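Novice: Provided below are the primary sequence and the corresponding predicted coordinates.
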Amino acid sequence: SQQGEEDPQALSIQEGENATMNCSYKTSINNLQWYRQNSGRGLVHLILIRSNEREKHSGRLRVTLDTSKKSSSLLITASRAADTASYFCATDGRGGGADGLTFGKGTHLIIQP
Amino acid sequence: GAGVSQTPSNKVTEKGKYVELRCDPISGHTALYWYRQSLGQGPEFLIYFQGTGAADDSGLPNDRFFAVRPEGSVSTLKIQRTERGDSAVYLCASSPGRGGQRFFGPGTRLTVT
């Protein structure tokens, strides 16, 4: 089963604009992670935010976490054509199995040049 | 250093055949994970190894699926009597210990005809 749900499912913006993706989840977590995937193959880890953190930055990425609403957002500023990819949130849960990392269905982001 | 590698990158097999998919994790990573990703979906957890032992195999869909990691490094995912529904991209990931950031391989695209 998939816990995280990304919103929107697809997003198309102009190069240079900011892109915001949201993720909602259902159970308590240890941390939440965002990954990027190009062309349906390997995933690349972008950022991890722990359950006691509210905001984290990495380069052009900004992630927020609201554990009371069980939601997270990923903001990509000044988007580039190379940011075109699918973006997944994944929750590292407290109560799940030994693995604990559960992915959503992803947001497909297209950056128009 | 080298990342996670998976072989083969693509595998086409006939329904009913047996297949083996191989994963070479990052050297020194004790945790290894297998995921399966269908088109338009996020990765779904299959099995997690800590060292040589399967710590959590709750994601394996049925007894046709089996995985081993005999020496605590390379892992092989084995699928018996393949079915068309097994067609997907099989992703392997590793991490230094349990939890935290996962490092993904490029995946093996399995097509069952």
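Specialist: That came in fine, so what should we check first?

Novice: Indicate each strand paired with the lowest-mean-pLDDT helix or strand in chain B and its parallel or antiparallel sense.
Specialist: When each helix and strand of chain B is scored by mean pLDDT, DSSP states H and E, strand B:53-56 comes last, with a mean of 89. As defined by DSSP bridges, the strand partners of strand B:53-56 come to strand B:44-50 (antiparallel).

Novice: what residues does the partner strand touch?
Specialist: A:2, A:97-99, A:101-103, B:30-38, B:54-61, B:65, B:67, B:69, B:72, B:75, B:77, B:98 (Cβ atoms under 8 Å, 6 or more residues apart in numbering or on different chains). No exception for glycine: its C-beta is placed from N, CA and C like everyone else's.

Novice: picking up where we left off before, show me which positions of the least confident helix or strand of chain B end up buried.
Specialist: Buried residues in strand B:53-56, counted by 16 or more other Cβ atoms under 10 Å in any protein chain shown: B:Ala54, B:Ala55, B:Asp56.

Novice: Also stretch B:33-53?
Specialist: B:33-37, B:42-50.

Novice: Dump those residues into a markdown table; add pLDDT as well.
Specialist: Putting the buried residues of stretch B:33-53 into a markdown table (pLDDT from 0 to 100) gives the following:
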| residue | pLDDT |
| --- | --- |
| B:Tyr33 | 95 |
| B:Trp34 | 96 |
| B:Tyr35 | 95 |
| B:Arg36 | 96 |
| B:Gln37 | 95 |
| B:Gly42 | 92 |
| B:Pro43 | 93 |
| B:Glu44 | 93 |
| B:Phe45 | 92 |
| B:Leu46 | 94 |
| B:Ile47 | 94 |
| B:Tyr48 | 93 |
| B:Phe49 | 94 |
| B:Gln50 | 92 |
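
Novice: Mind putting the residues you listed into CSV with distance to A:Ile13?
Specialist: Shown next, in CSV, are the buried residues of stretch B:33-53 (distance: Cβ to Cβ, whole Å):
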residue, distance to A:Ile13
B:Tyr33, 32
B:Trp34, 34
B:Tyr35, 29
B:Arg36, 31
B:Gln37, 25
B:Gly42, 22
B:Pro43, 25
B:Glu44, 29
B:Phe45, 31
B:Leu46, 34
B:Ile47, 38
B:Tyr48, 36
B:Phe49, 40
B:Gln50, 41
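
Novice: ok, so of those, who is nearest A:Ala19?
Specialist: B:Gly42 (18.5 Å; Cβ to Cβ).
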